[in-house]
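>>> Next one to model:
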Amino acid sequence: MRRDTAPDLYGGAIADTVEQGMKLKDDIGWLRICERAKSALADLPASTILAGFSMGCGVVASVWPSRPETKGILLLHALAEIPSAMDLAGLRVQLRVGEYDDFWPAEELANWQAEAKRAKIAAELFVYSDAGHFYTDGSAAEHQTTAADQTWERVLRFLDEV
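Below is the predicted model:
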């Protein structure tokens, strides 16, 4: 089984800034992006791990309810809404964000953790100190080498464990 499947949900278009990414999302349309994700998953095993980066975590949230047998959820740079109508007990979920990520204040992260606990998810939240939103992106101004290295090390371990 391939462990490196990453669908192109934007039809080859690339954004260099968050603002450009938001415009690109609006131009393509959120529903179309999520439909492309569901289509990309159609031939993959039900147990496939779902992973999202930044806005992609919202895509994970959109497909998660249709993938109840997923073995794990990996969220980087953003959280994803937790489905309420599913049995999620024991599901491994990791959320990784930067300490100085303006998109995700501590209160929202605490609310997400509380919701994960209510859903009986085996959730882990990693907040990387001195890191901003795109701390793992080596080409971004907010890249933080130590946090990025720790993240990728832990992500690989997570993938091996689930």
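>>> Unless I misread the structure, Ala40 falls within a helix.
Yes: counting by DSSP: H, G, I helix; E, B strand; the rest coil, Ala40 falls inside a helix.
>>> Around it, how many other residues sit close by?
16 (other C-beta atoms under 10 Å). Placement of C-beta: from N, CA and C, glycine included.
>>> Skipping its backbone neighbours, what lies nearest it in space?
Pro7 (3.3 Å; C-beta to C-beta, 6 or more residues apart in numbering).
>>> Show me where the protein has its helices.
18-28, 30-41, 56-63, 106-118, 145-161 (DSSP state H).
>>> by contact count, what packs against the last one?
Contact partners of helix 145-161 among helices and strands, from 3 or more C-beta pairs under 8 Å, 6 or more residues apart in numbering; DSSP states H and E: strand 72-76, strand 92-98, strand 122-128.
>>> Serialize these to JSON lines and add fields for distance to Ala51, mean pLDDT and mean neighbour count.
Shown next, in JSON lines, are the helices and strands packed on helix 145-161 (distance: least, C-beta to C-beta, whole Å; pLDDT from 0 to 100; neighbours: other C-beta atoms under 10 Å):
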{"stretch": "strand 72-76", "distance to Ala51": "4", "mean pLDDT": "97", "mean neighbour count": "23"}
{"stretch": "strand 92-98", "distance to Ala51": "9", "mean pLDDT": "96", "mean neighbour count": "23"}
{"stretch": "strand 122-128", "distance to Ala51": "14", "mean pLDDT": "95", "mean neighbour count": "16"}
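>>> Please identify which of the ones you listed is closest to Phe53.
Closest approach to Phe53 among these is made by strand 72-76 (4.9 Å; C-beta to C-beta).
>>> Can you show me the CA trace of the least confident helix or strand in the chain by mean pLDDT as CSV?
Ranked by mean pLDDT, DSSP states H and E, the helix or strand of the chain with the weakest confidence is helix 18-28, at a mean of 92. In CSV, the C-alpha atoms belonging to helix 18-28 read as follows (Å, rounded to 0.1, in the frame of the first residue of the first chain):
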residue,chain,number,x,y,z
VAL,A,18,-2.1,32.8,2.8
GLU,A,19,-4.0,35.5,1.1
GLN,A,20,-3.4,33.9,-2.3
GLY,A,21,-4.4,30.6,-0.9
MET,A,22,-7.7,31.9,0.3
LYS,A,23,-8.4,33.5,-3.1
LEU,A,24,-7.5,30.3,-4.8
LYS,A,25,-9.8,28.4,-2.5
ASP,A,26,-12.6,30.9,-3.3
ASP,A,27,-11.9,30.7,-7.0
ILE,A,28,-12.1,26.9,-7.1
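>>> Alright, I will stop here.
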